[in-house]
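[1] just need the structure, nothing else, for what follows:
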Amino acid sequence: MSTNAMSQFDQHQSIGVTRSRAVERLITGMATSDGAGVKLTRVLTQNLQRRLDPFLMLDAFRSDDPGDYIGGFPDHPHRGFETVTYMIAGRLRHRDSGGNEGLLENGGVQWMTAGRGVIHSELPEQEDGLMEGFQLWLNLPARDKMIPSWYRDIKSGEIPEARTAEGVVARVIAGETHGVQGAMQRDATAPLYLDLHLPAGARFTQPLASDLNAFVYVYRGALSIAGTEVPAQRMAILANDSTADGVVIAAGPEPTRALLIAGRPLNEPIAQYGPFVMNTQEEIYAAVSDFREGRLG
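    Here you go, the predicted model:
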């Protein structure tokens, strides 16, 4: 970690939030499978896409049973959005039609812009042990849906971390917290993606502009936000409140880990057919046709 980054921690140990957003509602994920039978929990489902614009989907997967993940995700297409895969434990090999290849390992992130189209696979490079992580789908504005596909592997050591005076560690995948810039930035959607490691009883504050949609997903322990308890494996949608200037998160009596994700809504039509997300049905028909005729990716 750079000396400059460490000095940023010293200058930004406390960030004030005068009024925290409240929890609008708690969401329990839906057990499902994808790819070649990979078992996962779909936390952000299609019926929440409007409410949590620009985010389209969040999947959580965790198993030490190879039967739940060994088939992985063989070749499949995408168009019109970005995928952000964050690996907590395990190894996935990525290959795509753009000639990109990379190995996603513990603590690493794969950020892929599907744009006008890509065909890729994500296959386990392990036959036993724990496989755990998340995949987030981030929408693209209409003007960018047909840009060339793009891919970046971000190793665990390349993800900046902020540490607060209370000992909270925030891994900054995207956006900014406590003066620390994340590994990725996006102008149109301004995503904030933090993996928070909170000691028992610790508090974490994060300013949030009032125009951002935001949610918290707890995957270890439990926490509370503005008086609402949020247990493990629950997503808390944060209320959009013009009088609130951020969120205050308080860990329960045990160490807690949670994702804090926020972004600027695009406020554009959403047309989705499986792995294609566009703005109109006509664009969806074109994506399906391009895939069937071998023109996608």
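
[2] bridged to F61, which residues?
    F61 forms beta bridges with G133, as assigned by DSSP bridges.

[3] which residues touch it?
    38-41, 68-69, 131-135 (C-beta atoms under 8 Å, 6 or more residues apart in numbering). C-beta here means a position set from N, CA and C on the backbone, and glycine is covered the same way.

[4] can you give the distance of the helix or strand hosting I261 from its chain's centre?
    Using DSSP states H and E, I261 sits in strand 256-263. Distance of strand 256-263 from the chain centroid (C-alpha atoms, centre = their mean, to the nearest Å) equals 8 Å.

[5] what's stretch 243-258 in contact with?
    The contact list for stretch 243-258, computed with C-beta under 8 Å, 6+ apart, reads 15, 17-22, 195-208, 210, 214, 216-226, 229-230, 238, 260.

[6] which of these are buried, as a ChimeraX select command?
    Command for ChimeraX that selects the buried part of those, burial taken from 16 or more other C-beta atoms under 10 Å:
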select :17,20,21,195,196,197,198,202,204,205,206,207,208,214,216,217,218,219,220,221,222,223,224,225,226,230,238,260
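
[7] just the strands in the stretch 151-297 of the chain please.
    Under the criterion DSSP state E, counting those that start in this stretch, the stretch 151-297 of the chain contains strands at 161-163, 169-174, 176-177, 180-181, 192-198, 203-207, 213-220, 223-225, 228-230, 234-238, 246-251, 256-263, 271-273, 276-278.

[8] out of those strands, which comes closest to R79?
    Proximity to R79 (C-beta to C-beta) singles out strand 276-278 among the strands of the stretch 151-297 of the chain, at 4.8 Å.

[9] who's in contact with P269?
    P269 sits in contact with 279-280, where contact means C-beta under 8 Å, 6+ apart.

[10] report the secondary structure state of G67.
    Following DSSP: H, G, I helix; E, B strand; the rest coil, we place G67 in the helix state.
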